[in-house]
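> here you go, sequence then predicted model.
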Amino acid sequence: MRLMFNEVRNNKVKSVFLVSFFIVLIGVLGAVFGIVYNNLYFGIVLAIVVSIIYSLIGYYSGGSMILKMSGAREVTKKEYPHLFHTIEGLTIAAGIPTPKAYVIEDSAMNAFATGRSPKHASITVTTGLLKTMNRQELEGVIAHEMSHIKNYDIRFMMLTAVLVGIVTLLSDFLLRSFLWGGHRDRKGGGNLTIILIVAGLLLAILSPIIGELIKLAINRKREYMADASGAILTRYPPGLANALKKISKDPDPLVDKANKATAHLFISTPFRNSKGFVAGLFATHPPIEERIKRLGEM
């Protein structure tokens, strides 16, 4: 039998490992960029400065931007009492401040959490989910999103999104440096210079793809972790499992205002699922059948 606490611990370790690899990739890109301009420290300092700027922008404005992009509106307890009672009850179990409640007017069954910390968090659900889920299933979904908040998954995923942005930006700088002839300033070296140019070009081209794959892999691990953490909160894994079964059978899973920038936040992909190995590598979420299976083993 798969133990819930083991599932949480294993996914934390895997996520930290993937982010560590991400940081190494950025360091290598910065170093190569510096070498191209004959100044290793310049490349490293540039990577650090860009990282800080991107992080501050994402940290302080990411949550509000996501809510606006998704068409979410804040609701009151009088308007949706059952949603508020579920959030308040699970907040006590999680031991965190009560998140704000938002709703998206959409027939698709979905939900997501956002906010840079538990004190600045919110949980958003679609009207389609509220109309379809019973009490235990809604608790399972809210517990999943509450776990993202408690585990600082939102901040964690914000970090990975920032890292992808940095990798893409540095890769673009590196490519432009070759186009502008920055590498021509290097004198001598013969074959070593050619090898450096080829390696730099390959790194500049492949790094954004590698970065995106790492981000998506991290997100899939965090989804498994939130499933396990949510099951710990409710002490009833079938609640979330049954909710996921309903979501998987949704005849119209498309969330109208969802986009590629926000898709990873939802409890299930807000787009139509694609099959195949390559599609699996670029999937924002793990297979919903596997998530249901793991919950059944807890």
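Structure's in. What do you need? Given the structure is predicted, the values throughout are model-derived calculations rather than measurements.
> hang on, Ala143 packs against Ala228?
No. Using CB atoms under 8 Å, Ala143 is not in contact with Ala228, being 10.6 Å away. For every residue, glycine as well, the C-beta is placed using N, CA and C.
> how about low-confidence regions in the stretch 151-298 of the chain?
177-197, 199-200, 273-280 (pLDDT under 70).
> those helices in it, which residues are they?
Using DSSP state H, counting those that start in this stretch, the helices of the stretch 151-298 of the chain run over 153-179, 191-234, 237-248, 277-281, 288-296.
> got a markdown table for those helices, with mean neighbour count and distance to Thr114 too?
As requested, the helices of the stretch 151-298 of the chain are exported to a markdown table (neighbours: other CB atoms under 10 Å; distance: least, CB to CB, whole Å):
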| stretch | mean neighbour count | distance to Thr114 |
| --- | --- | --- |
| helix 153-179 | 20 | 6 |
| helix 191-234 | 19 | 13 |
| helix 237-248 | 21 | 19 |
| helix 277-281 | 10 | 25 |
| helix 288-296 | 17 | 21 |
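> now the ones you listed as JSON lines including distance to Pro99?
Formatted as JSON lines, the helices of the stretch 151-298 of the chain follow (distance: least, CB to CB, whole Å):
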{"stretch": "helix 153-179", "distance to Pro99": "11"}
{"stretch": "helix 191-234", "distance to Pro99": "13"}
{"stretch": "helix 237-248", "distance to Pro99": "18"}
{"stretch": "helix 277-281", "distance to Pro99": "31"}
{"stretch": "helix 288-296", "distance to Pro99": "22"}
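> wait, which of the ones you listed is closest to Gly63?
Closest to Gly63 of those, according to CB to CB: helix 153-179, at 7.6 Å.
> next, the contact list for the nearest residue to Met133 once chain neighbours are set aside, please.
Of all residues not flanking Met133 in the chain, Ala243 sits nearest, at 5.8 Å (CB to CB, 6 or more residues apart in numbering). Ala243 sits next to Met133, Glu137, Leu138, Gly140, Val141 when contact means CB atoms under 8 Å, 6 or more residues apart in numbering.
> who's in contact with the first one?
Read it as Met133. If you count contacts by CB under 8 Å, 6+ apart, then Met133 has Met109, Val141, Ala243, Lys246 around it.
> quick check: the second one vs Glu212, distance?
Spatial separation of Val141 from Glu212 under the definition CB to CB, to the nearest Å is 27 Å.
> try the third one
In this structure, Ala243 and Glu212 are separated by 29 Å, where distance is defined by CB to CB.
> can you check the last one too?
For Lys246, the distance to Glu212 under the criterion CB to CB works out to 30 Å.
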